[in-house]
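Asker: give me the fold of what follows.
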Amino acid sequence: MAKSPAAASAARRPRRLRITGWLLALSAAGAISACTSSGVLDLQPPVDVGTQTAAVPSYSVATVVQPPISSPAPISSPTMTIGYPRVEEPAFGPEPMPADEVDCRKELKRLGVAFTEVEPIHEGQCGIDHPVKVSAIGSVRMKPAATLTCNMAATFAAWTKSELVPAARWRYWSGVKTIRQGSSYSCRNIAGEGVLSEHGKGNALDVMSIELTNGEEIDVRKPGLFAFRTRGFLNTVRADGCQYFTTVLGPGYNYDHRNHFHFDVKNRRSGYRACR
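Answerer: Prediction:
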């Protein structure tokens, strides 16, 4: 029995659909393969896995250990020093007195010298590192008190006790009460020479007059023609002084020394002494 055209068309429709579905499936597979090989539409990043399947590592918060961060120790004091050697603060104070100065002061005490320590004197080229102020030598007073080096003070004290006092007793039958001095330490030059005087170093003393215990006062100025006792006394003072001092200048030497004896302990070559 022959089929009608409508029935034949209906019979062929499922087959077309199956063929069409196969074609669409084949087209889709080809399109996907083409897109993947070209990389144009592939949104996955390329992964080089080599010849084996790469294991993707898993991370856990519990297994990640951060190293401890150490903070610097707090500075407890502003004077604390970190990273530098400790520097000791310098100790300031008076310098120790040289041994010869210490020994000299012992000699002053042995001679019975009344003295006080004086602060170091420094004024230009003048000065004394370790001065003393002498107010008396035994029972003999010094007026005014004389500022000298210890060496000059000791030398003058030895001369006073060993020469001046015995000479006064022999000539006047009297002791010595007071030595009146006109200049001890004084920052000045030698008159007319432009050279620093020994007074500027504390090494010199000028004696103006000598007062005896019997009340008589002997002026150092050149005595009169008939003042035999006074002349003899002053000549003895001058000559004996040259055994202790390196310089003894007095009346008759020049105008500047007309009214006093100048004694000093200036250092000179070959032990030269000036006694005039």
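Asker: C-alpha only now, for contacts and for neighbours.
Answerer: OK.
Asker: all strands of the stretch 101-250 of the chain, in order?
Answerer: Secondary structure of the stretch 101-250 of the chain (DSSP state E, counting those that start in this stretch): strands located at 113-117, 121-123, 126-128, 131-137, 140-149, 176-183, 204-212, 217-219, 247-249.
Asker: and the gap between residue 234 and residue 125?
Answerer: 34 Å (Cα to Cα, to the nearest Å).
Asker: please say which of these two ends up with more neighbours.
Answerer: A direct count of neighbours by other Cα atoms under 10 Å for residue 234 and residue 125 places residue 234 higher, at 24 against 10.
Asker: what about stretch 161-168, how long is it end to end?
Answerer: So stretch 161-168: terminal residues 11 Å apart, Cα to Cα.
Asker: got the contact list for it?
Answerer: Stretch 161-168 is contacted from outside by 137, 174-176, 212, 233, 236-237, 240-241, using Cα atoms under 8 Å, 6 or more residues apart in numbering.
Asker: recalculate using a threshold of 7 Å.
Answerer: Residues outside stretch 161-168 that contact it (Cα atoms under 7 Å, 6 or more residues apart in numbering) are 174-176, 233, 237, 240.
Asker: what is the nearest of these to residue 185?
Answerer: Minimum distance to residue 185 across these is 21.9 Å, recorded for residue 237 (Cα to Cα).
Asker: which non-adjacent residue is nearest that closest one?
Answerer: Spatially, and ignoring its direct neighbours in sequence, residue 237 is nearest to residue 164 (6.4 Å; Cα to Cα, 6 or more residues apart in numbering).
Asker: for the one you found, give its distance to residue 258.
Answerer: From residue 164 to residue 258 the distance is 20 Å (Cα to Cα).
Asker: returning to that earlier point: which ones among the contacts of stretch 161-168 map onto helices?
Answerer: 233, 237, 240 (DSSP state H).
Asker: most neighbours among those, please name it.
Answerer: residue 237 (20 neighbours).
Asker: could you measure from that residue over to residue 151?
Answerer: Taking Cα to Cα, one finds residue 237 at 20 Å from residue 151.
Asker: what does residue 208 give?
Answerer: 21 Å.
Asker: same question for residue 212.
Answerer: 26 Å.
Asker: okay, now residue 161: neighbour count?
Answerer: Applying other Cα under 10 Å, I find that residue 161 has 18 neighbouring residues.
Asker: now residue 193
Answerer: Look at residue 193: counted by other Cα under 10 Å, it has 8 neighbours.
Asker: before we move on, what about residue 229?
Answerer: Using other Cα under 10 Å, residue 229 is surrounded by 12 other residues.
Asker: residue contacts, it?
Answerer: residue 171.
Asker: tell me the pLDDT at it?
Answerer: The per-residue pLDDT reported for residue 229 equals 90.
Asker: same question for residue 191.
Answerer: 79.
Asker: for beta bridges, what are the partners of residue 134?
Answerer: Listed by DSSP bridges, the beta-bridge partners for residue 134 are residue 115, residue 146.
Asker: does it touch residue 147 like I think?
Answerer: Yes. Residue 134 lies in contact with residue 147 (Cα atoms under 7 Å); the separation is 6.5 Å.
Asker: rewinding a little: in JSON lines: the strands of the stretch 101-250 of the chain, plus distance to residue 269, mean pLDDT and mean neighbour count.
Answerer: Below are the strands of the stretch 101-250 of the chain laid out as JSON lines (distance: least, Cα to Cα, whole Å; pLDDT from 0 to 100; neighbours: other Cα atoms under 10 Å):
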{"stretch": "strand 113-117", "distance to residue 269": "30", "mean pLDDT": "97", "mean neighbour count": "17"}
{"stretch": "strand 121-123", "distance to residue 269": "26", "mean pLDDT": "95", "mean neighbour count": "12"}
{"stretch": "strand 126-128", "distance to residue 269": "22", "mean pLDDT": "97", "mean neighbour count": "20"}
{"stretch": "strand 131-137", "distance to residue 269": "25", "mean pLDDT": "98", "mean neighbour count": "23"}
{"stretch": "strand 140-149", "distance to residue 269": "21", "mean pLDDT": "98", "mean neighbour count": "21"}
{"stretch": "strand 176-183", "distance to residue 269": "26", "mean pLDDT": "97", "mean neighbour count": "20"}
{"stretch": "strand 204-212", "distance to residue 269": "18", "mean pLDDT": "97", "mean neighbour count": "21"}
{"stretch": "strand 217-219", "distance to residue 269": "33", "mean pLDDT": "93", "mean neighbour count": "16"}
{"stretch": "strand 247-249", "distance to residue 269": "13", "mean pLDDT": "94", "mean neighbour count": "23"}
